[in-house]
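Engineer: Dropping a prediction and its sequence here:
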Amino acid sequence: MISIIFITLKGIFRDRVFQGIMMTACAFLLIPVAASLSMRQVTELALTLSLSLISFILLLLAVFLGGTSLWKDIERRYTFSVLGLPISRQSYMLGRFSGTALFVILAAAVLGIAAFMVVAYSSAMYPAERPIIWPTMALCILFDALKYILLIAVAFLFSTVSTSFFLPVFGTIATFLAGGVTQQVYEFVNSPASKSLSPFVKQLARCLYYIIPNFGAFDLKVNAIYGLPLSTNGLLLTAAYFCVYVGLLLSAAAVLFSRREMR
């Protein structure tokens with residue numbers, strides 16, 4: 001499986017995805033200029049723009065790498081030659097997922113370094129009223145990477161049952177959009193303001209809350225921007241949630257991929 005991980009990474013670099021990230025990361029150079037337009041909250045705006053740019057780039061990677069990785073291999077019939085070797089379908093799929101997830105972590109690290117430099121420059125030019133909590137910013141980027149690795153697992157699950165790239169790509173986007181608001185919907189359903197909703201709708205919303213990934217739990221941008229304290233128990237629960245959910249998604253994907261008929 002380790003060889004599949006390295007082949008996946010080599011294929012991503014050969015497709016010049018990393019170079020595309022570096023070109024997109026050049027937008028970091030414009031952040032200090034844009035942040036300086038805010039006379040009172042320059043550092044906060046620089047933090048907001050930097051973290052949002054990282055999140056956007058990682059989202060693109062998760063959707064297009066996760067949604068097309070298996071599909072391209074099957075379409076190019078590369079899967080047939082690999083599976084002819086002494087390697088199981090499960091190991092092959094897990095290797096592809098691990099290589100893609102590792103690339104997302106590497107991309108997050110590179111983009112995180114760029115964000116640190118931008119924020120440090122902005123705070124030096126325009127000192128902020130609040131101190132910058134650098135460990136919180138690092139944790140924010142780390143949990144952002146975990147969020148998109150979870151999204152990659154969703155994309156791989158769709159890829160195991162799809163014969164084209166439409167379901168993995170658009171299904172992943174739909175899951176991401178739904179997973180970003182599940183927490184708000186759940187809180188509304190359990191609030192007094194939801195008295196007008198029928199019991200069936202409430203029960204359906206609760207079921208979807210537990211089925212669809214809760215991506216909002218990984219969002220620490222507010223804590224990083226305004227220096228708010230983090231809950232250690234909350235971080236541990238989110239990390240455990242990530243491990244359990246990714247494990248369930250990959251287990252289901254492995255079962256479906258092992259039973260898939262290759263043509």
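Structural biologist: Here it is on my side, so go on.
Engineer: show me what contacts residue 183?
Structural biologist: With Cβ atoms under 8 Å, 6 or more residues apart in numbering as the criterion, the residues that contact residue 183 are 209, 214, 216, 217. C-beta: built from backbone N, CA, C; applies to glycine.
Engineer: Quick check: the third one touching residue 177?
Structural biologist: No. Judged on Cβ atoms under 8 Å, residue 216 makes no contact with residue 177 at a distance of 11.7 Å.
Engineer: So which of these two has more stuff around it?
Structural biologist: Between residue 216 and residue 177, counting by other Cβ atoms under 10 Å, residue 216 is the more crowded of the two (14 against 10).
Engineer: In contact with the more buried one, which residues?
Structural biologist: For residue 216, the contact set (Cβ under 8 Å, 6+ apart) comprises 179, 180, 181, 182, 183, 184.
Engineer: any idea which of the residues you listed has the most stuff around it?
Structural biologist: Counting neighbours by other Cβ under 10 Å, residue 179 comes out on top of the contacts of residue 216 with 22 neighbours.
Engineer: And the pLDDT at it?
Structural biologist: What the model reports for residue 179 is a pLDDT of 87.
Engineer: Return the distance of the residue lying closest to it once chain neighbours are set aside relative to residue 207.
Structural biologist: Beyond its immediate neighbours in the sequence, the residue positioned closest to residue 179 (Cβ to Cβ, 6 or more residues apart in numbering) is residue 215, lying 4.1 Å away. Going from residue 215 to residue 207 by Cβ to Cβ, to the nearest Å gives 18 Å.
Engineer: now swap in residue 64 and tell me
Structural biologist: Computed as Cβ to Cβ, the residue 64 to residue 207 distance reads 30 Å.
Engineer: same check, this time on residue 119
Structural biologist: The spacing between residue 119 and residue 207, counted by Cβ to Cβ, is 41 Å.
Engineer: The two: who's more crowded?
Structural biologist: Neighbours around residue 119 and residue 207, counted as other Cβ under 10 Å, are more numerous at residue 119. The numbers are 26 against 10.
Engineer: hang on, the more buried one packs against residue 137?
Structural biologist: Yes. If you go by Cβ under 8 Å, residue 119 and residue 137 touch, sitting 7.2 Å apart.
Engineer: Can you check which residues contact both of these two?
Structural biologist: For the pair residue 119 and residue 137, residues contacting each of them under the criterion Cβ under 8 Å, 6+ apart are residue 47.
Engineer: which element is residue 175 on?
Structural biologist: Following DSSP states H and E, the helix or strand that holds residue 175 is helix 166-179.
Engineer: my bad, should have said residue 22
Structural biologist: With DSSP H and E as the criterion, the answer for residue 22 is helix 17-25.
Engineer: and that helix, what does it pack onto?
Structural biologist: For helix 17-25, the packing partners by 3 or more Cβ pairs under 8 Å, 6 or more residues apart in numbering; DSSP states H and E come out as helix 42-75, helix 89-125.
Engineer: Look up how far residue 230 lies from residue 136.
Structural biologist: In this structure, residue 136 and residue 230 are separated by 6 Å, where distance is defined by Cβ to Cβ.
Engineer: Quickly list what's touching both of those two.
Structural biologist: With Cβ under 8 Å, 6+ apart, residue 136 and residue 230 have common neighbours 220, 223.
Engineer: and residue 228, helix, strand or coil?
Structural biologist: On the three-state scheme (DSSP: H, G, I helix; E, B strand; the rest coil), residue 228 is labelled coil.
Engineer: What count of nearby residues applies to it?
Structural biologist: Residue 228 has 12 neighbouring residues, counting by other Cβ under 10 Å.
Engineer: mind listing what residue 217 touches?
Structural biologist: Residue 217 neighbours (Cβ under 8 Å, 6+ apart): 183, 238, 241.
Engineer: Could you point out which of those is nearest to residue 112?
Structural biologist: Using Cβ to Cβ, residue 238 is the member of these that sits closest to residue 112, with 18.3 Å.
Engineer: Once you drop chain neighbours, what's closest to that closest one?
Structural biologist: Of all residues apart from its sequence neighbours, residue 217 sits closest to residue 238 (Cβ to Cβ, 6+ apart), at 5.0 Å.
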